[in-house]
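Undergrad: Okay, here's the prediction I keep looking at, along with the sequence it came from:
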Amino acid sequence: MASLSRDDVAHVAHLARLGLTEAELGRLEGELNHILDQYTRLTELDTEAIAPTAQTIELENILRDDLVKPSFPQATALANAAATSDGFIVVTAILGGGD
């Protein structure tokens, strides 16, 4: 696999709007090339016996149950709104023709 040049790293840093010093560019060039070298080593592994959908950890649902609970009273929900009308929060329209 080809390695990244200092110009490649500087270009990516520019796209990410990162203002990096020459020392930082040099350090990142080395770190990114090390990551690419490690990836290249992974491609050398024999994965024929591993199913394409194999997981390294057991999958489980981590979502909580959707339970109905009491909500804020309307007055509490509207207390910090800048403007309200008939129990609703009033905001400036951001879509439409400006009517």
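TA: Here it is on my side, so go on. Remember, it's a predicted structure, so these values are computed and weren't measured experimentally.
Undergrad: Residue 25 is in what secondary structure piece?
TA: helix 22-43 (DSSP states H and E).
Undergrad: Just the C-alpha atoms of the helix or strand following that helix, please, in PDB.
TA: Toward the C-terminus, helix 22-43 is succeeded by helix 74-78 as the next helix or strand (DSSP H and E). What follows is helix 74-78 as a C-alpha-only set of coordinates in PDB (Å, rounded to 0.1, in the frame of the first residue of the first chain):
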ATOM      1  CA  GLN A  74     -47.400  22.700  30.000                       C
ATOM      2  CA  ALA A  75     -46.600  25.800  32.200                       C
ATOM      3  CA  THR A  76     -43.200  24.300  33.000                       C
ATOM      4  CA  ALA A  77     -42.400  23.400  29.400                       C
ATOM      5  CA  LEU A  78     -43.300  27.000  28.300                       C
END
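Undergrad: hmm, back to that, the helix holding residue 25: which residues count as buried?
TA: Buried residues in helix 22-43, counted by 16 or more other CB atoms under 10 Å: 25, 28, 29, 33. In short, each C-beta sits where N, CA and C put it, glycine included.
Undergrad: which among those residues gets closest to residue 58?
TA: residue 33 (34.7 Å; CB to CB).
Undergrad: Not counting sequence-adjacent ones, nearest residue to the closest one?
TA: The shortest distance from residue 33 to any non-neighbouring residue, by CB to CB, 6 or more residues apart in numbering, is to residue 3 (4.7 Å).
Undergrad: How much space separates that neighbour from residue 86?
TA: In this view, residue 3 and residue 86 are 65 Å apart by CB to CB, to the nearest Å.
Undergrad: Which one's more surrounded, these two?
TA: When residue 3 and residue 86 are compared on other CB atoms under 10 Å, the one with more neighbours turns out to be residue 3, at 13 against 5.
Undergrad: In this structure that one contacts residue 34, no?
TA: No: using CB atoms under 8 Å, residue 3 is not in contact with residue 34, being 9.7 Å away.
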